[in-house]
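In: A predicted structure for the sequence below; I have some questions about it.
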Amino acid sequence: MILLDSRWTRRAAWMLLALTVAACGGGSGGADTGPVAFVVTQVVPFAGADNISLREEINIVLTRSVDAESLSPQSVRVVSESNVEIIGERLLSQFNPAIIRFIPLVNYQPDEIHNIEVTQEVLDASGQPLEQIFTATFRAEESPPELPGPQQTENLGNRMVLGRWFHRMTLLSNGRFLVTGGYAADNSVRNQAELLVIVNRQTSLIPTAMRSPRAGHVQIQLDDGRVLLAGGEAATTPFLPLRSCETFDPSTTTFAETGAMEFARSFADATRLPDGRILVTGGQSEDASGTFIFRDDAEIFDPLTDTWTTVTTLMERGRAAHASATLPSGNAIVFGGSSTTASANRFSLATEQFLSSPAPNFPHFFAAHTQLTDGTVVVAGGSGTNGISIFREGVGFVGALNTLPSERIFATATAFEDGRVLIIGGFNSTTFPALIHSTLDVFVADGPSGRVFRAPDFRLPVPTSHHASARDHFGAVWVTGGLPLDVAGAARRQVTIIHPE
């Protein structure tokens with residue numbers, strides 16, 4: 001077992017990742033005191049950035065508050081290398097008047113370098129001009145394939161009965177989604193579940209409550225049609241990792257308590273083995289002294305007996321908020337789940353032991369991940385990285401041909417049937433202020449690797465993070481719930497559907 005990094009010793013730190021950046025308005029320029037030179041200190045996307053999406057907003061950070069009247073096409077310009085002037089809006093951030101927002105109204109020129117120029121026509125709040133011209137460059141992404149746009153988005157509004165974040169959803173064989181648990185607000189964890197009917201878009205609360213409130217739990221369908229809910233956390237201490245487990249029976253719409261795991265686990269991951277058993281790996285727990293740890297062990301659930309067996313070998317390191325997948329051979333891969341170290345383990349089905357494995361290039365902590373029908377695993381982003389890793393059995397990990405245009409933490413990845421992977425929502429802690437995404441990135445396979453594009457005309461009805469997503473029987477991707485911008489407020493009830501065409 002690995003002691004948990006001090007940054008994550010409280011559940012609230014996971015929930016509020018990067019909000020301190022928002023609270024201080026980016027650090028520079030929040031106060032107009034002292035003889036500070038009036039200059040640009042930073043631009044996001046960062047100077048020299050590659051693969052910037054065709055409609056990416058630019059944030060320019062200065063040392064003092066800006067006079068909004070001085071913003072014009074002459075004072076802030078974005079021009080491509082082919083000398084195309086990008087038309088856009090120039091606004092001040094509502095959170096910090098020392099940040100200029102450039103919002104493009106047309107696409108950047110694909111695969112071209114663009115120059116950002118801030119001239120001395122920009123004035124501070126007292127009328128003083130910028131002390132020196134600022135320039136920076138970035139390269140826009142290539143021309144994308146067909147990507148979802150507004151016409152493929154179905155906004156159901158507040159269709160869920162209850163708001164939720166860090167909840168789970170599973171597609172049942174009867175044409176319904178089972179949506180369970182999650183946080184209701186700041187420290188309140190739900191013990192209610194609901195069914196979301198795909199055909200008529202209606203939702204209903206399940207009369208029988210879950211056996212335990214839980215959020216950040218494992219949820220996976222069993223071969224017999226039941227759904228296993230394992231571990232997670234309740235808010236009784238607060239943020240108590242759970243050993244308890246239960247199953248949901250769609251035929252009776254009831255929850256039943258089942259055998260508990262040997263160890264409590266929240267933010268563990270699960271994958272179904274070829275024989276129908278469930279491999280649950282890692283997760284956050286507490287040791288005997290009450291210290292939070294990342295677990296390096298695993299357990300296997302047998303649905304025939306509703307009992308658990310502990311795997312006798314340990315993983316290379318403790319993991320939480322990581323990824324796992326069963327491969328075409330029947331073995332499994334487990335990787336990520338650390339804020340600092342990239343690592344992976346293979347799980348041998350024949351010996352039921354963990355083996356060493358080459359690691360991906362990125363830690364992938366609280367990253368988005370999914371598996372394609374051919375067994376390929378795609379994982380994107382996470383805390384502190386915008387990298388993408390692709391795993392194919394017999395090949396191992398390879399990097400994508402580019403990276404996410406910006407950081408995504410607490411996002412989801414769900415694939416259309418044609419293999420395009422939708423990377424939805426999440427946090428971006430590198431912007432000023434930190435924000436919740438309403439954008440969509442799409443990963444497209446390209447030979448043994450792949451490439452990601454940001455859908456330029458797509459926006460979710462509301463920014464979404466800590467949500468859940470899954471594909472229905474007709475190939476559409478459903479996005480439910482999420483964390484509100486005011487983390488103490490009620491969780492989101494939003495339901496959005498993204499159609500493949």
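Out: Thanks, I have the structure now. Residues are numbered from 1 along each chain as shown.
In: for whichever strand or helix holds Ile293, packing partners?
Out: Here Ile293 sits within strand 292-294, counting by DSSP states H and E. Contacts defined by 3 or more CB pairs under 8 Å, 6 or more residues apart in numbering; DSSP states H and E place strand 292-294 against strand 2-3, strand 284-286. Any C-beta I mention is one placed from the backbone N, CA and C, and that applies to glycine too.
In: Run through the helices of this protein in chain order.
Out: 11-15, 19-23 (DSSP state H).
In: Of those, which shows the lowest average pLDDT?
Out: Of all the helices of the chain, the minimum mean pLDDT falls on helix 19-23 (a mean of 35).
In: For Ser389, name its beta-bridge partners.
Out: Val379, Gly399 (DSSP bridges).
In: least reliable of the helices and strands packed on strand 292-294 going by mean pLDDT?
Out: Looking at the helices and strands packed on strand 292-294, the bottom one is strand 2-3 with a mean of 36.
In: what pLDDT does the residue lying closest to Gln128 once chain neighbours are set aside get?
Out: Take Gln128 and drop its neighbours on the chain: the residue closest to it by CB to CB, 6 or more residues apart in numbering is Phe38, 5.7 Å away. For Phe38, the model assigns a pLDDT of 97.
In: again with Ala288
Out: Per-residue pLDDT puts Ala288 at 80.
In: Repeat that for Gly447.
Out: 81.
In: Okay, and the beta partners of Ile300?
Out: Applying DSSP bridges, one finds that Ile300 bridges with Leu279, Thr309.
In: OK, contacts around it?
Out: Ile300 is in contact with 273, 277-280, 308-309, 311, 352, counting by CB atoms under 8 Å, 6 or more residues apart in numbering.
In: Tell me, how many residues neighbour Ala445?
Out: Counted with other CB atoms under 10 Å, residues neighbouring Ala445 total 18.
In: ugh, wrong one, I meant Gln128
Out: Counted with other CB under 10 Å, the neighbours of Gln128 add up to 11.
In: likewise Ala359?
Out: Using other CB under 10 Å, Ala359 has 19 neighbouring residues.
In: hang on, it packs against Ala342?
Out: Yes. Using CB atoms under 8 Å, Ala359 is in contact with Ala342, at 4.5 Å.
In: what do the two both touch?
Out: With CB under 8 Å, 6+ apart, Ala359 and Ala342 have common neighbours Phe335.
In: If I look at Phe239, what pLDDT would I see?
Out: 82.
In: where's it relative to Phe267, distance?
Out: Phe239 sits 11 Å away from Phe267, taking CB to CB, to the nearest Å as the criterion.
In: Looking at the two, which is more packed in?
Out: Between Phe239 and Phe267, counted using other CB under 10 Å, Phe267 has the larger neighbour count: 26 against 21.
In: who touches that one in this structure?
Out: 216, 283-284, 320-321.
In: What is the nearest of those residues to Val479?
Out: If you rank the contacts of Phe267 by distance to Val479 using CB to CB, Gly216 comes first, at 18.1 Å.
In: buried subset of the contacts of Ile300?
Out: Those of the contacts of Ile300 that meet the buried threshold are 273, 277-280, 308, 311, 352, by 16 or more other CB atoms under 10 Å.
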